[in-house]
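>>> just a sequence and a predicted model for now, questions to come.
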Amino acid sequence: TGDVGPIHEPMSQYPELVRPTLAEAHIRFGQCERLYSDRGTLQIHSNGHHSRLAPSMASIFTDCGFDVVSLASNHAMDWGEDALMDTRELMQELGIQTAGAGANLDEARQPAIVERDGVKVAFLARCSVLRDGYAAEAKKVGVAPLRAHTYYEAQEYQAGTPPRVVTVPCSEDLEMLREDIRKARQQAHVVVISLHWGIHFIPRVIADYQPLVAHAAFEAGADLILGHHAH
């Protein structure tokens, strides 16, 4: 599934219609769109007033039977480091594996590996829609980044005409993804990439960087890309 995180109780009503379908799956993946914590301070630039919920509201993930979730979202650091790490710890306490965020960059890059019927599936998670300061670093809590650069290119010789928006993936982040895919292939039979990317609320628009990243991921050995964020 894509983004998961209803903000109104009771939580028990949300999974009623989808639970039978999800129960048929061998592995259930979701993108965790919220933070589940009583700690943290709202970052003034985040506009993420609804991104932190009470830990009890994480029951949506157990009610749906999720096996693994990505924490690599544009809201992951809306309430600071404590709220993100609380969410990661809570998911793991609930028996749900996580990918895409951690106490440092190395931890955020690690795959979640789920085994079913002798088949190991590795999940790597990245986020391309990060505010400044949200990316994990060598000694900093955060999200595994797959950032993109944006440029504006004139399309006509006439001054004042709308430019073409050009995006290219950050070469350093893309190389990290390639490296992690190659490592994951040595640990699992199948490698799945979860990418929180694209342009939200605008139908059928694919940013330039997305096909470039996709081709690079498949060439490195990925089997499947799960994309979300566009709503």
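On my side now, so go ahead. Residues are numbered from 1 along each chain as shown.
>>> please count neighbours and contacts with C-alpha atoms only from this point.
Fine.
>>> low-scoring stretches of the protein, by residue?
Across the chain, nothing is flagged by pLDDT under 70.
>>> which parts of it are strands?
Under the criterion DSSP state E, the chain contains strands at 3-4, 29-32, 35-36, 52-53, 68-70, 97-99, 101-102, 112-116, 119-127, 142-143, 148-153, 164-169, 190-196, 224-228.
>>> out of the ones you listed, which gets nearest to Leu212?
Closest of the strands of the chain to Leu212 is strand 164-169, at 7.5 Å (criterion: CA to CA).
>>> highest mean neighbour count out of the strands of the chain?
Ranked by mean neighbour count, these are led by strand 142-143 with a mean of 32 (mean count of other CA atoms under 10 Å).
>>> hmm, back to that, out of the strands of the chain, the one nearest Val205 is which?
strand 164-169 (11.9 Å).
>>> show me what the closest one is packed against.
Packing partners of strand 164-169 (3 or more CA pairs under 8 Å, 6 or more residues apart in numbering; DSSP states H and E): strand 148-153, helix 209-220.
>>> any chance of the ones you listed in a markdown table, plus distance to Tyr36?
Below are the helices and strands packed on strand 164-169 laid out as a markdown table (distance: least, CA to CA, whole Å):
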| stretch | distance to Tyr36 |
| --- | --- |
| strand 148-153 | 28 |
| helix 209-220 | 30 |
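>>> looking at these, spot the one closest to Glu107.
Checked against CA to CA, the stretch from those lying closest is helix 209-220, at 20.0 Å.
>>> how far off centre is that closest one?
Helix 209-220 sits 16 Å away from the centroid of its parent chain (CA atoms, centre = their mean, to the nearest Å).
>>> pull out the buried positions in that helix.
Neighbour-count burial for helix 209-220, counted by 16 or more other CA atoms under 10 Å, picks out 209-210, 213-214, 216-218, 220.
>>> quick one: that helix to strand 224-228, angle?
Here helix 209-220 points in a direction 160 degrees away from that of strand 224-228 (axes from the mean of the first three to the mean of the last three CA atoms, to 10 degrees).
>>> still on that earlier bit, reformat the buried residues of helix 209-220 as a markdown table; add distance to Val129.
Output for the buried residues of helix 209-220, formatted as a markdown table (distance: CA to CA, whole Å):
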| residue | distance to Val129 |
| --- | --- |
| Tyr209 | 12 |
| Gln210 | 12 |
| Val213 | 14 |
| Ala214 | 16 |
| Ala216 | 19 |
| Ala217 | 18 |
| Phe218 | 21 |
| Ala220 | 22 |
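>>> what sits against His196?
Contacts for His196 (CA atoms under 8 Å, 6 or more residues apart in numbering) come out as 72-74, 125-129, 227-229.
>>> if we go to 10 Å?
2-3, 31, 70-74, 125-130, 145-146, 226-230 (CA atoms under 10 Å, 6 or more residues apart in numbering).
>>> what does Val69 give?
The contact partners of Val69, by CA under 10 Å, 6+ apart, come to 1-4, 28-33, 61, 88, 91-92, 96-100, 112, 123, 125, 194.
>>> one more: Gln31?
By CA under 10 Å, 6+ apart, Gln31 lies in contact with 1-5, 68-73, 98-99, 125, 194-196, 226-229.
>>> and Tyr151, by the same measure?
When contacts are counted by CA under 10 Å, 6+ apart, Tyr151 touches 163-168.
>>> what about stretch 185-204, start to end distance?
With CA to CA, to the nearest Å as the measure, the first residue of stretch 185-204 is 32 Å from its last.
>>> likewise stretch 123-136?
Using CA to CA, one end of stretch 123-136 lies 18 Å from the other.
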